[in-house]
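Q: Need a 3D model of the sequence below.
(one chain, ligands or ions: 2)
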Amino acid sequence: MSETPATEAAGRAPAAASLPAAATAPAAAPILSVNNIEVIYDHVILVLKGVSLTVPERGVVALLGANGAGKTTTLKAISNLLGAERGEVTKGSIVFCGETVEALSPNALVRRGCIQVMEGRHCFGHLSIEENLLTGAYTRRDGGAAIRRDLEMVYTYFPRLKVRRASQAGYTSGGEQQMCAIGRALMSRPKMILLDEPSMGLAPQLVEEIFEIVHKLNVGEGVSFLLAEQNTNVALRYATHGYILENGRVVMDGPASALAENEDVREFYLGVGGEGRKSFREVKHYKRRKRWLS
Ligand SMILES: Nc1ncnc2c1ncn2[C@@H]1O[C@H](COP(=O)(O)OP(=O)(O)OP(=O)(O)O)[C@@H](O)[C@H]1O
Ligand SMILES: [Mg+2]
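A: Ligands and ions are numbered 1, 2, ... in the order given. Now for the predicted structure:
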């Protein structure tokens, strides 16, 4: 069920209307399409129940939802990392750049240009920032000079990493580790990055800094992003389109601007009251019924 507010939003500018170039380019053919997938853990636990979504070429799409909604599971289903968790895609299909990819190894998918940055910014703590970045180039076959060039490209987007290039990653800040994790993914020359909870545990100013860089990478390098976020507010400001997951299903999707203005989304995910309501807490519990469930 995808109660898309697309029609009501059709004439409106997307949230990123003020942002230049790629983020506002007209919709192109999807780089990724997830078609009605079902995911089961441990052969019995049904977690995703028919999730479909698309990411346009050079798009930034937000995958939103509360704890346990299935965001990470969706990203891991795409990047083929579910096997390590005893999970499997049991129905549906996933198409990346025109190719069905469910049977590919995560490595093979990285070589085709799709890479995931895991929740919790996994860096090798005992390696320096630069060594971490270089590990991201391990699937490449195009030689040291091209890799050095891309390292410099990463440093132009993340000047903080250049300053900290020789520091042991384990002793850098949470924000720097998140940047290092994204930078390492960039070293594989991806067409698309699946970014899981980039804002987690970071101060608002750093969250903003990281999303700004995501935007610049989208515009400057043409990288598409699928962002899983609990931070609905910031995600909807930087994405062009959003999907809301609840309990393993997409309950709503639409242009980011339409979602940001939707009364239910505002009430349940942005913590702002709808018409006549001052705040989420003031709404009587029995009235707090999501209209998309009715
Ligand atoms: N390896 C696993 N085995 C069994 N169940 C799992 C496993 N991983 C996740 N789940 C369950 O799948 C559901 C979806 O989890 P998932 O991590 O995808 O949610 P999420 O939206 O990413 O949540 P969060 O915002 O907390 O990261 C949850 O109910 C979770 O308990
Ligand atoms: Mg998660």
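Q: who touches the residue lying closest to residue 186 once chain neighbours are set aside in this structure?
A: Excluding its sequence neighbours, the residue lying closest to residue 186 (CB to CB, 6 or more residues apart in numbering) is residue 154, at 5.3 Å. Heads up, the C-betas are built off the backbone N, CA and C, glycines and all. Residues counted as contacts of residue 154 (CB atoms under 8 Å, 6 or more residues apart in numbering) are 133, 161, 183, 186, 187.
Q: Helices - which of the residues you listed land there?
A: Mapping the contacts of residue 154 onto helices (DSSP state H) picks out 133, 161, 183, 186.
Q: what about stretch 80-90, start to end distance?
A: Stretch 80-90 stretches 13 Å from its first residue to its last (CA to CA, to the nearest Å).
Q: same question, stretch 110-128
A: Start-to-end, stretch 110-128 (CA to CA) is 23 Å.
Q: I'd like the mean pLDDT over that stretch, please.
A: Mean pLDDT, stretch 110-128: 92.
Q: before we move on, back to that, from the ones in helices among the contacts of residue 154, which two are the most distant?
A: Greatest spacing in the ones in helices among the contacts of residue 154, by CB to CB: 161 and 186 (10.6 Å).
Q: can you give me phi and psi for whatever residue of the stretch 101-250 of the chain ends up closest to ligand 2?
A: Ligand 2 sits closest to residue 119 of the stretch 101-250 of the chain, with a gap of 5.0 Å, by CB to the ion. Backbone torsions for residue 119, taken as degrees, to the nearest 10, come to phi -60, psi 140.
Q: and it, how many neighbours does it have?
A: Using other CB atoms under 10 Å, residue 119 is surrounded by 17 other residues.
Q: returning to that earlier point: which entries in the contacts of residue 154 are shared with the contacts of ligand 1?
A: On the criterion CB under 6 Å from any ligand atom, none of the entries of the contacts of residue 154 sits beside ligand 1.
Q: Which residues are in contact with the residue of the stretch 101-250 of the chain found nearest ligand 1?
A: Nearest residue of the stretch 101-250 of the chain to ligand 1, counting by CB to the nearest ligand atom: residue 230, 5.2 Å away. Counting by CB under 8 Å, 6+ apart, residue 230 touches 64, 65, 66, 67, 197, 199, 200.
Q: For ChimeraX, what selects the buried ones among these?
A: In ChimeraX, a selection of the buried entries from the contacts of residue 230 looks like this (16 or more other CB atoms under 10 Å):
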select :64,65,197,199
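Q: Secondary structure and distance to ligand 1 added to the contacts of residue 230, as JSON lines?
A: Output for those, formatted as JSON lines (DSSP: H, G, I helix; E, B strand; the rest coil; distance: CB to the nearest ligand atom, whole Å):
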{"residue": "64", "secondary structure": "strand", "distance to ligand 1": "9"}
{"residue": "65", "secondary structure": "coil", "distance to ligand 1": "5"}
{"residue": "66", "secondary structure": "coil", "distance to ligand 1": "7"}
{"residue": "67", "secondary structure": "coil", "distance to ligand 1": "4"}
{"residue": "197", "secondary structure": "coil", "distance to ligand 1": "6"}
{"residue": "199", "secondary structure": "coil", "distance to ligand 1": "11"}
{"residue": "200", "secondary structure": "coil", "distance to ligand 1": "8"}
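Q: Using CSV, lay out the contacts of residue 230 together with distance to residue 214 and pLDDT.
A: CSV is the format used below for the contacts of residue 230 (distance: CB to CB, whole Å; pLDDT from 0 to 100):
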residue, distance to residue 214, pLDDT
64, 15, 95
65, 19, 91
66, 22, 89
67, 23, 89
197, 13, 94
199, 11, 92
200, 14, 90
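Q: of all the contacts of residue 230, which comes closest to residue 30?
A: Nearest to residue 30 among these: residue 64, at 18.9 Å, using CB to CB.
Q: which SSE is residue 77 in?
A: Using DSSP states H and E, residue 77 falls within helix 71-79.
Q: Over to residue 251?
A: Per DSSP H and E, residue 251 falls inside strand 249-255.
Q: what about that strand and ligand 1, any contact?
A: No - using CB under 6 Å from any ligand atom, we find that strand 249-255 stays clear of ligand 1, coming within 11.6 Å at best.
Q: Local confidence estimate at residue 173?
A: Taking residue 173 on its own, its pLDDT is 91.
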